[in-house]
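# What would the 3D arrangement of this be:
(one chain, ligands or ions: 1)
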Amino acid sequence: MDQPVQIDGSELEGGGQILRIALTMSVLKNKPIQVFNIRAGRSRPGLLEQHLKGVELMKDLSNAYVKGATLNSTIIDFHPKILQGGRYRAPVKTAGSITLLLQVALPCCLFAKEVSELELHGGTNTEMAPQIDYTTEIFKPNLEKFGATFDFDLVRRGYFPKGGGKVLINVTPVKNLKPVTLLNQGQIDKIYGWSFVAGVLPLKMANVMADAAKNTLQCLTNNIKIECYKEDHDIAPNNESGIILVAETDTGCILGSSALVKRGEQSEFTGKKAADSLLKSIRQGGCVDEFCQDQLIIFMALADGNSRIKVGEVTLHTKTAIHIIEKLDESCKFKIVSDGISNIIECIKKS
Ligand SMILES: Nc1ncnc2c1ncn2[C@@H]1O[C@H](COP(=O)(O)OP(=O)(O)OP(=O)(O)O)[C@@H](O)[C@H]1O
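Next comes the predicted model:
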């Protein structure tokens, strides 16, 4: 057996993202890895339910030999074999994020031998992770610029702490990914979004969030439409409330933001917080927002050719993604060039 590449999970962001990117690259480059100090930068280090189910999903997808995959484990060995396709389930019993399960599996499914059908359980709209609506309305159109996509069916929403969400994902493999050049943010064409309540929460909360977001964003355009609605009890029985915002520009850029109402927080504050995040991303001149940034790095690395994306401030998640990818893939090198406010992230592929 080859010596595994050593990945220190305490570096930079020090969170679950290091494990996810290492697993994905391990499968795609067919390199065994040992990840140690898993999530050492977090208050509860080691594998939580969401991370563990992510490891198990990757094990199933690639027929891997895995050692150390137990709850709270801080070290795992992962030796991938053949990347297949087919039907897989990841039954997270907590509100662990469904979108982060997709984050680890999607690049592999795109390069699998056959179509993949994923049945993912857990949280659909949770803190510190993309809300499912962010993934489908902001991340997905950005992914499509690389010539790849996925279909989804949101069967049930799951919120903290109960979880219980269910999303079906269907991924058709691609022959290759196209490199992208996204350098001109352009002018804002329109802003739209969704402000929701679920469970027994009153619709008024959604209206207040939407109004606060509109007030903050009207300095950019008058073309703002935010739909306020109450989730159907059958697909979202538990209490939650939040907002997702999307901005489209005349050069085809799609930037977004989102927020959930925290316990004891005024809905007005939540709406303004999401809008401020979008405003910040737009004012920094990037072609993608601060969250899509790190989520696109892996696709830049896997594309057939050099990609360039203009972003605002480079996040620690982005620096972490670049660091781990460069460790596992000698065929690409990232470079960041700053003009003071924005930055161009360039991925150069060695021929
Ligand atoms: N509000 C948000 N909107 C969109 N994406 C988000 C948002 N918040 C976080 N993310 C994304 O979720 C991912 C979080 O990675 P991170 O390593 O912090 O999380 P994790 O696996 O939950 O682990 P940990 O518990 O260790 O933090 C990143 O890709 C980040 O861009």
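
# can you pull the contacts of whatever residue of the stretch 251-351 of the chain ends up closest to the ligand?
Using Cβ to the nearest ligand atom, the closest approach of the stretch 251-351 of the chain to the ligand is made by residue 291 at 3.5 Å. Glycine gets a C-beta too; all of them are placed from N, C-alpha and C. With contact set as Cβ atoms under 8 Å, 6 or more residues apart in numbering, residue 291 has these partners: 130, 134, 138, 256, 257.

# Let's see that with 10 Å instead.
With contact set as Cβ atoms under 10 Å, 6 or more residues apart in numbering, residue 291 has these partners: 129-130, 134, 138-139, 255-258, 277, 281, 315, 317-318.

# In helices, which of these fall?
Mapping those onto helices (DSSP state H) picks out 134, 277, 281, 317, 318.

# Let me know how buried the third one is, in neighbour terms.
When neighbours are counted by other Cβ atoms under 10 Å, residue 281 registers 25.

# OK, contacts around the closest residue to residue 25 other than its chain neighbours?
Distances taken as Cβ to Cβ, 6 or more residues apart in numbering place residue 328 nearest to residue 25, at 3.9 Å, with adjacent residues excluded. By Cβ under 10 Å, 6+ apart, residue 328 lies in contact with 5, 7, 21, 22, 24, 25, 26, 28, 29, 31, 33, 301.

# quick one on the thing from earlier: from the contacts of residue 291, keep the buried residues only.
Judged by neighbour count, with 16 or more other Cβ atoms under 10 Å as the criterion, the buried members of these are 129-130, 134, 138-139, 255-258, 277, 281, 317-318.

# Could I get the pLDDT score of the residue lying closest to residue 285 once chain neighbours are set aside?
With Cβ to Cβ, 6+ apart as the criterion, residue 285 has its nearest non-adjacent residue at 4.1 Å, and that residue is residue 342. Looking at residue 342, its pLDDT is 95.

# doesn't residue 290 make contact with residue 342?
No - applying Cβ atoms under 10 Å as the test, residue 342 and residue 290 come out as separate, 11.9 Å apart.

# before we move on, back to that, which of the contacts of residue 328 fall within strands?
5, 7, 33 (DSSP state E).

# Please list all residues in contact with the first one.
This points to residue 5. Applying Cβ under 10 Å, 6+ apart, we find residue 5 in contact with 22, 25, 26, 29, 31, 32, 33, 34, 35, 324, 327, 328.

# what pairs with residue 188 across the strands?
residue 249 (DSSP bridges).

# what's around it, how many residues?
The local packing of residue 188 (other Cβ under 10 Å) involves 18 other residues.

# quick one, what contacts it?
So, once contact is read as Cβ under 10 Å, 6+ apart, residue 188 ends up touching 217, 220, 221, 223, 224, 247, 248, 249, 250, 253, 255, 282.

# what's the closest non-adjacent residue to the second one?
Right, residue 220. Excluding the flanking residues, the one nearest residue 220 by Cβ to Cβ, 6+ apart is residue 188, at 4.9 Å.

# where does the one you found land on pLDDT?
According to the predicted model, the pLDDT of residue 188 comes to 98.

# Check residue 350 too.
In this model, residue 350 is scored at 88, pLDDT.

# and what of residue 1?
Confidence at residue 1, expressed as pLDDT, is 64.

# my guess is residue 172 contacts residue 150, does it?
Yes - look at residue 172 against residue 150 with Cβ under 10 Å: they come within range, at 8.1 Å.

# what do these two both touch?
With Cβ under 10 Å, 6+ apart as the test, residue 172 and residue 150 both reach 109, 110, 116.

# Out of those, list just those in strands.
Within the shared contacts of residue 172 and residue 150, membership in strands is found for residue 116, as judged by DSSP E.

# Out of the shared contacts of residue 172 and residue 150, who's the most crowded?
Counting neighbours by other Cβ under 10 Å, the one among those with the most is residue 109, which has 27 neighbours.

# My read is that that one contacts residue 118, right?
Yes - using Cβ under 10 Å as the test, residue 109 is close enough to residue 118 to be in contact (7.2 Å).

# Need the residues touching each of the two.
Where contact means Cβ under 10 Å, 6+ apart, the residues bridging residue 109 and residue 118 through contact with each are 61, 86, 88, 102, 150, 169, 170, 171.

# Which single residue of this structure ends up nearest the ligand?
When Cβ to the nearest ligand atom is the measure, the chain has its nearest residue to the ligand at residue 16, with 2.2 Å between them.

# Just the pLDDT for that residue.
Residue-level confidence at residue 16 comes out at 97, pLDDT.

# What is the burial count for the closest residue in space to it that isn't next to it in sequence?
The spatial neighbour of residue 16 that comes closest, neighbours along the chain excluded (Cβ to Cβ, 6+ apart), is residue 51 at 5.2 Å. Other residues near residue 51 come to 26 when the count uses other Cβ under 10 Å.

# mind listing what residue 51 touches?
Applying Cβ under 10 Å, 6+ apart, we find residue 51 in contact with 15-16, 19-20, 23, 38-39, 69, 71, 73, 76, 92, 96, 100-101, 104.

# Tell me what residue 255 is bridged to.
Beta-bridge partners, per DSSP bridges, of residue 255: residue 247.

# Redo the contacts of residue 328 as JSON lines? Include pLDDT.
Output for the contacts of residue 328, formatted as JSON lines (pLDDT from 0 to 100):
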{"residue": "5", "pLDDT": "98"}
{"residue": "7", "pLDDT": "98"}
{"residue": "21", "pLDDT": "98"}
{"residue": "22", "pLDDT": "98"}
{"residue": "24", "pLDDT": "98"}
{"residue": "25", "pLDDT": "98"}
{"residue": "26", "pLDDT": "98"}
{"residue": "28", "pLDDT": "98"}
{"residue": "29", "pLDDT": "97"}
{"residue": "31", "pLDDT": "97"}
{"residue": "33", "pLDDT": "98"}
{"residue": "301", "pLDDT": "98"}
